[in-house]
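**Q** Sharing a model prediction with you, sequence too.
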Amino acid sequence: MIRFFDIFFSLIGIILFMPFAFIVSLFILIESGFPIIFKQVRVGKEGKNFELYKFRSMYRDSEKKGLITVGGRDPRITKVGYFLRKFKIDELPQLLNVLLGHMSLVGPRPEVRRYVELYTPEQNFVLSVRPGITDFASIFFRNENKLLEKSDDPHSYYLQEIIPQKIALNMVYINNRSLKLYFKILFTTLFRILWF
């Protein structure tokens, strides 16, 4: 039943946001040119790779300089990109990932292979479900960049502190999956984006 709602909501979302997506694309194009869509290989269900889509919020080839972004001091993020990230607009193209079956609207955020290879056998359990656009960890760590900005070593802090906490929150959803929890996370996410 969750897959049905994933398809239904992602299809509706793609149709509704198409005019808005055109405007966003135009702003990205004017500020920093092509490509408009950023593609990155992430690890999905059962450890399979897939291409995750986002509106590009950083300058071209910025990911070669590091995989995590650090608050307001990260010079790789464009001016348009800061706005897109603040309101999670950069995530909208992932509705296509959901429609194609790579992702769910709700589920553990997919990581890059480099980080997944550091998971313990217990942590690998998060790969037993489709990754999602939002989850408890996304809500709890909605200001993740600000936390990283305060750290002297953001990369180590992300690996040693944030990832284990995120996975623990992922487990709460996986072990209690239901339509009720699915909708609770969706509505909480929308509330956080619109009011905070």
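**A** Done, it's in. Numbering: from 1, shown residues only.
**Q** list the buried ones in the longest helix along the chain?
**A** Criterion DSSP state H: the longest helix present in the chain is helix 2-32. Using 16 or more other CB atoms under 10 Å as the test for burial, helix 2-32 gives 2, 5-6, 10, 13-14, 21, 24, 27-28, 32. The C-beta positions use only the backbone N, C-alpha and C, and glycine is treated the same way.
**Q** And the helix or strand of the chain with the lowest mean pLDDT, what's buried?
**A** Ranked by mean pLDDT, DSSP states H and E, the weakest helix or strand in the chain is helix 144-149, scoring a mean of 78. For helix 144-149, burial by neighbour count (16+ other CB under 10 Å) applies to 144-145, 147-148.
**Q** gap between that helix and the chain center?
**A** Relative to its chain's centre, helix 144-149 lies at 15 Å (CA atoms, centre = their mean, to the nearest Å).
**Q** just checking, what packs against it?
**A** helix 154-157 (3 or more CB pairs under 8 Å, 6 or more residues apart in numbering; DSSP states H and E).
**Q** cutoff 7 Å now
**A** Here helix 144-149 touches no other helix or strand, going by 3 or more CB pairs under 7 Å, 6 or more residues apart in numbering; DSSP states H and E.
**Q** going forward can the numbers begin at 279, since that is how I track them
**A** Got it, the first residue is 279 from now on, which makes the last one we talked about helix 422-427.
**Q** Export the buried residues of helix 280-310 as a markdown table, with columns for distance to residue 374 and pLDDT.
**A** A markdown table is the format used below for the buried residues of helix 280-310 (distance: CB to CB, whole Å; pLDDT from 0 to 100):
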| residue | distance to residue 374 | pLDDT |
| --- | --- | --- |
| 280 | 18 | 94 |
| 283 | 16 | 97 |
| 284 | 12 | 98 |
| 288 | 8 | 97 |
| 291 | 10 | 96 |
| 292 | 7 | 96 |
| 299 | 10 | 95 |
| 302 | 14 | 97 |
| 305 | 20 | 97 |
| 306 | 17 | 97 |
| 310 | 22 | 92 |
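**Q** Quick check: of these, which lies closest to residue 434?
**A** residue 310 (30.1 Å; CB to CB).
**Q** show me the contacts for the closest one.
**A** 337, 356 (CB atoms under 7 Å, 6 or more residues apart in numbering).
**Q** mind running it again at 10 Å?
**A** 334-338, 356-359 (CB atoms under 10 Å, 6 or more residues apart in numbering).
**Q** Those residues: which two are farthest apart?
**A** Pairwise over these, using CB to CB, the maximum falls at 338 and 357, 14.9 Å.
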